[in-house]
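Peer 1: model the following, please.
(chains A and B)
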Number of protein chains: 2
Amino acid sequence: MASKPSIPKGTRDFSPTEVAKRQYIIQIIKSNFEKFGFQPIETPSFENSETLMGKYGEEGDRLIFKILNSGDYLAKANAAHLENKDSTKLTSSISEKALRYDLTVPFARYVVQHQNEIEFPFKRYQIQPVWRADRPQKGRFREFFQCDADVVGSKSLWQEVELVQLYDTVFTALGLNGVTIKINNRKILSGIAEVIGASDKLIDFTVALDKLDKIGEDGVKKEMMEKGISEEAILKVQPLFSFTGTISEKITQLSELLSESGEGMKGVEELRFICENVMKLGLNNSILDLDVTLARGLNYYTGAIFEVAPPKSVAMGSIGGGGRYDDLTGIFGLKNMSGVGISFGLDRIYLVIEELNLFPETVTATSKALFINYGDQEAFYALQAIQKLRASGVKVELYPDNTKVAKQFQHADKRGIPFAVIIGEQEMTSNSYSLKNLVTGEQVSVDFEGLLVALS
Amino acid sequence: MASKPSIPKGTRDFSPTEVAKRQYIIQIIKSNFEKFGFQPIETPSFENSETLMGKYGEEGDRLIFKILNSGDYLAKANAAHLENKDSTKLTSSISEKALRYDLTVPFARYVVQHQNEIEFPFKRYQIQPVWRADRPQKGRFREFFQCDADVVGSKSLWQEVELVQLYDTVFTALGLNGVTIKINNRKILSGIAEVIGASDKLIDFTVALDKLDKIGEDGVKKEMMEKGISEEAILKVQPLFSFTGTISEKITQLSELLSESGEGMKGVEELRFICENVMKLGLNNSILDLDVTLARGLNYYTGAIFEVAPPKSVAMGSIGGGGRYDDLTGIFGLKNMSGVGISFGLDRIYLVIEELNLFPETVTATSKALFINYGDQEAFYALQAIQKLRASGVKVELYPDNTKVAKQFQHADKRGIPFAVIIGEQEMTSNSYSLKNLVTGEQVSVDFEGLLVALS
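Peer 2: Numbering: from 1, shown residues only, chains lettered A, B, ... in the order given. As a prediction, the model looks like this:
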């Protein structure tokens, strides 16, 4: 192999620094998931194709990575599809497994498969990679981690309350102050659809309404009419064009607007319960916002819809999202299993924290000190100390080779190791260590206790 | 879908308890890797096929999971191979990516690709899943984790010394006392091959010698001769048939036996350096053993060879292994890059710890207390306390629904949650909490401070 090796497009190698930073975020998410009573599960990287196919729409099916059957896979290939070179149809006869596309469908499969062992309501979290054969672009990868927390088996709205708190707690712990947790409700969107007289126009309606800041009321109305929404319908939802004020005020406006839609009013009551309790309990650093243009996951969400926007100083899309879906496991034959969950967007959160310079300096997987190697006797003396330091939990290492001292110091420098320990005959005779601070250049002679204190 | 969904054979779902136990092991391995100065990297789950193919022998190539190209993959398929239904030859024209088979080849690829950013010697660890299309059987899976630590870019034998210490430290931290860290050296095996006059008989020789305990000296010699090793050759290595005593004694015997083999004597000196320093520095709980029948990885190891056997009370194969390979990155065009590393067998370590009942009781991802839900007012009061408890790092949860109290207690019981917190009108009026120990049945009334202390 003459040229340098490479990795598939859309995938990434993570360096030690990057892994340490990612682990820092994951650890905070994970520990808060557990504080909120969620328990971890893990599912296989690949599922039987029938588990995944048909669950994400036609586009989703195309973006699922399929695994070629092992052995003589052509022996079982469908002859007609092979003859016709019909790739799409041939796939199912030469591939029985596929890489997971998200964590939600595998979770639904898990719940149905293990329903007799699970104690419901089941609060689970899952932090694992997923794969999508999407066209790679800035911030979009073919392999990326999802961090999901879901509760299944209870319709209680206290869970929505707690999920908002969970978002707030995690982002506060990450130092990300001022994120906006947007909330909406599918039933309110249904109510609006009822009022504007056509549910098929709902997406057009919300997309247009979302541009209010940019193109003004007249611009929005023009766009709505172009999309076939009648003037009369638009008039009926006129309050949405001046939809400002506190959450309570917004809820009051919505309850007037949707008073004739039973479904819409149910949504208003759900929103009221969630928002009132969240506000009474109080958030640390996040802003709760009722956003009726929030229409993500319209196909599967049935109640609350969540989306989190980063602090306003950062230009980036949502860093989290989720909602309530009343029939999570129906696709696998287990009916009436309501679920609600949220997801954290690891890659974007990473970029936001990086941009705001919020990674603590201590986030590093590097050693605290490098013991300089002056020869086998000195190395042995060093390892006696290293052994005890490690037993006390201190990360230290010995430069393996007795090479030029300047090179060894350079190594510590390039690795970002803050201390060097120098051991020569004098140190060995006096049972001491010369400890050099590589940042300040200061050097002191210490005994083992002094070494332990300085490096702990 | 009428029947219950399932997962592909050889793969596993991990329940909350299983994930918690696996994470416990991984966390101990990881923190000790870092204490020893190893830094984490992560590589993509799939690599370009050319990176993996041809690196693991013909059998390995067959066991690599290939990913079908996306889109109209048949358009680019080799027409002749398609016509002939030659699965093996067709693969490369319909599949460009493959799931990683181990962590060593991706690491070698990483080192070569990033050689200009890496500061050598490079101590990296990697804990990620790998995939093999092996026939699944007890303890052998198609998806499993590898936990590897390697140093690349130095030939110093101090690293072998430290790797033995690393094994000892990890297994000690896991409470696994009495593991045997077996050590051998490829150069000693080469020396033996020289002495018995045929390197192609070396495997037959070590396999037969390994049966000494079972079939006795005569049996072993008989088997050797059946394999074509001459009586004369066997006589020359006669000392190996009474190869007992301390490591020092064994090394003395080896140096006599291999005195005429330059390569063999180099192996003896390496072994002497490693073993003497390990013994002088001392191990915590593990036994170091020189085992000349240890011949794993004969194709790539060039120096030390390691293998770890579980405590003798457990009947299980090796729970770790590794060695020195002088040309790790040569396959990708970077010559003279010596490496040495060890691996921990997560699945087997899990089974051993389970069998010896060594998982601490605290290894669980379950909550410390369940707040019983008596209605919205009580739930709100509960969440005020829960919020503060979580802020102090305590894992607690509210039963989401105001359902039968007996059912809620049953839920806590089945989940293994040790405490229940009961809140009624009386508690709300007196600003207190009734805390019930679900193991002893004892119930006390406490204020928030009391709650915090009891649950911390």
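Peer 1: are we agreed that A:Tyr110 is in a strand?
Peer 2: No: using DSSP: H, G, I helix; E, B strand; the rest coil, the secondary structure at A:Tyr110 is helix, not a strand.
Peer 1: let me see the contact set for it.
Peer 2: Applying C-beta atoms under 8 Å, 6 or more residues apart in numbering or on different chains, we find A:Tyr110 in contact with A:Ile41, A:Thr43, B:Asp13. Every C-beta, even on glycine, is put in place using the N, C-alpha and C of the backbone.
Peer 1: distance-wise, check it relative to A:Phe344.
Peer 2: 20 Å (C-beta to C-beta, to the nearest Å).
Peer 1: how far does stretch A:192-204 stretch from start to finish?
Peer 2: 12 Å (C-alpha to C-alpha, to the nearest Å).
Peer 1: contacts for that stretch, please.
Peer 2: Counting by C-beta under 8 Å, 6+ apart, A:189-190, A:205, A:224, A:227-230, A:233-234, A:236-237, A:240, A:257-258, A:260-261, A:263-264, A:292, A:295, A:298 sit against stretch A:192-204.
Peer 1: any idea of the mean pLDDT for that stretch?
Peer 2: For stretch A:192-204, mean pLDDT is 84.
Peer 1: please name the nearest non-neighbouring residue to the residue of the stretch 101-250 of chain A found nearest chain B.
Peer 2: For the stretch 101-250 of chain A, the residue closest to chain B is A:Ser156, as judged by C-beta to the nearest C-beta, at 3.5 Å. Once flanking residues are discounted, A:Ser156 sits nearest to B:Pro400: 3.5 Å by C-beta to C-beta, 6 or more residues apart in numbering or on different chains.
Peer 1: in what helix or strand does the one you found lie?
Peer 2: Taking DSSP states H and E as the definition, B:Pro400 sits outside all helices and strands.
Peer 1: give me every residue that touches it.
Peer 2: Counted by C-beta under 8 Å, 6+ apart, B:Pro400 has contacts A:Pro121, A:Val151, A:Ser154, A:Ser156, A:Trp158, A:Gln159, B:Asn373.
Peer 1: JSON lines please, covering the residues you listed and showing pLDDT, distance to A:Lys35 and secondary structure.
Peer 2: Converted to JSON lines, the contacts of B:Pro400 look like this (pLDDT from 0 to 100; distance: C-beta to C-beta, whole Å; DSSP: H, G, I helix; E, B strand; the rest coil):
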{"residue": "A:Pro121", "pLDDT": "97", "distance to A:Lys35": "17", "secondary structure": "coil"}
{"residue": "A:Val151", "pLDDT": "97", "distance to A:Lys35": "15", "secondary structure": "strand"}
{"residue": "A:Ser154", "pLDDT": "96", "distance to A:Lys35": "19", "secondary structure": "coil"}
{"residue": "A:Ser156", "pLDDT": "97", "distance to A:Lys35": "19", "secondary structure": "coil"}
{"residue": "A:Trp158", "pLDDT": "97", "distance to A:Lys35": "16", "secondary structure": "helix"}
{"residue": "A:Gln159", "pLDDT": "98", "distance to A:Lys35": "15", "secondary structure": "helix"}
{"residue": "B:Asn373", "pLDDT": "97", "distance to A:Lys35": "19", "secondary structure": "coil"}
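Peer 1: can you give me the domain assignment for chain A?
Peer 2: Split into domains by automatic domain parsing, chain A comes to A:27-42+A:101-196+A:237-355, A:365-455.
Peer 1: from the contacts of stretch A:192-204, which land in helices?
Peer 2: Judged by DSSP state H, the subset of those located in helices is A:Leu189, A:Ser190, A:Phe205, A:Met224, A:Ala233, A:Ile234, A:Lys236, A:Leu257, A:Glu263, A:Gly264.
Peer 1: pretty sure the second one sits against A:Glu263.
Peer 2: Spelled out, that is A:Ser190. Yes: taking contacts as C-beta atoms under 8 Å, A:Ser190 lies within contact range of A:Glu263: 4.7 Å.
Peer 1: neighbour count: those two, which is higher?
Peer 2: A:Ser190 (21 against 17; other C-beta atoms under 10 Å in any protein chain shown).
Peer 1: burial measure for the residue in the stretch 351-456 of chain A that chain B sits nearest to, as a count.
Peer 2: For the stretch 351-456 of chain A, the residue closest to chain B is A:Glu397, as judged by C-beta to the nearest C-beta, at 3.0 Å. Neighbour count of A:Glu397, defined by other C-beta under 10 Å: 25.
Peer 1: coming back round to it: for the ones in helices among the contacts of stretch A:192-204, work out which two are farthest apart.
Peer 2: In the ones in helices among the contacts of stretch A:192-204, two members sit farther apart than any others by C-beta to C-beta. They are A:Met224 and A:Glu263, at 21.4 Å.
Peer 1: give the contact list for the residue of the stretch 351-456 of chain A closest to chain B.
Peer 2: Residues in contact with A:Glu397 (C-beta under 8 Å, 6+ apart) are A:Ser367, A:Ala369, A:Leu370, A:Phe371, A:Ile386, B:Phe36, B:Gly37, B:Lys123.
Peer 1: what about 10 Å?
Peer 2: A:Glu397 makes contact with A:366-371, A:382, A:386, A:390, A:412, A:415, A:417, B:35-38, B:121, B:123, B:151, B:162, according to C-beta atoms under 10 Å, 6 or more residues apart in numbering or on different chains.
Peer 1: and what of A:Gly216?
Peer 2: Applying C-beta under 10 Å, 6+ apart, we find A:Gly216 in contact with A:Lys222, A:Phe241.
Peer 1: and it, how close does it get to B:Phe144?
Peer 2: 59 Å.
Peer 1: ditto for A:Ile342
Peer 2: Taking C-beta to C-beta, one finds A:Ile342 at 30 Å from B:Phe144.
Peer 1: again, but for A:Arg124
Peer 2: 22 Å.
Peer 1: between those two, which one's more packed in?
Peer 2: A:Arg124 (25 against 19).
Peer 1: confirm that one sits in a helix?
Peer 2: No: according to three-state DSSP, the state of A:Arg124 is strand, so it is not within a helix.
Peer 1: check contacts around the residue lying closest to it once chain neighbours are set aside.
Peer 2: Counting by C-beta to C-beta, 6+ apart, A:Arg124 lies nearest to A:Ile41, which is 5.1 Å off, once chain neighbours are set aside. Applying C-beta under 10 Å, 6+ apart to A:Ile41 gives the contacts A:103, A:106-107, A:110-111, A:114, A:118, A:122, A:124-126, A:128, B:13-19, B:365.
Peer 1: filter those down to the buried ones and hand me the ChimeraX line.
Peer 2: To isolate the buried members of the contacts of A:Ile41 in ChimeraX, using 16 or more other C-beta atoms under 10 Å in any protein chain shown:
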select /A:103,106,107,110,111,118,122,124,125,126,128 /B:13,14,15,16,17,19,365
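Peer 1: out of the contacts of A:Ile41, which sit inside strands?
Peer 2: By the criterion of DSSP state E, membership of the contacts of A:Ile41 in strands covers A:Phe122, A:Arg124, A:Tyr125, A:Gln126, A:Gln128.
Peer 1: phi, psi of the residue nearest to the fourth one when sequence neighbours are not counted?
Peer 2: This points to A:Gln126. The shortest distance from A:Gln126 to any non-neighbouring residue, by C-beta to C-beta, 6+ apart, is to A:Leu103 (4.8 Å). Reported as degrees, to the nearest 10, the phi and psi values for A:Leu103 are phi -100, psi -10.
Peer 1: wait, A:Leu103 touches A:Leu52, no?
Peer 2: No: contact criterion C-beta atoms under 10 Å: A:Leu103 and A:Leu52 do not qualify, at 11.9 Å.
Peer 1: doesn't A:Cys147 belong to a strand?
Peer 2: Yes: with three-state DSSP as the criterion, A:Cys147 is assigned to a strand.
Peer 1: you'd agree it is up against A:Tyr167?
Peer 2: No: in terms of C-beta under 10 Å, A:Cys147 does not count as a neighbour of A:Tyr167; the distance is 11.7 Å.
Peer 1: touching both of the two, which residues are there?
Peer 2: A:Gly320, A:Ile342, A:Phe344.
Peer 1: so how far is B:Ser286 from the last one?
Peer 2: This means A:Phe344. 40 Å.
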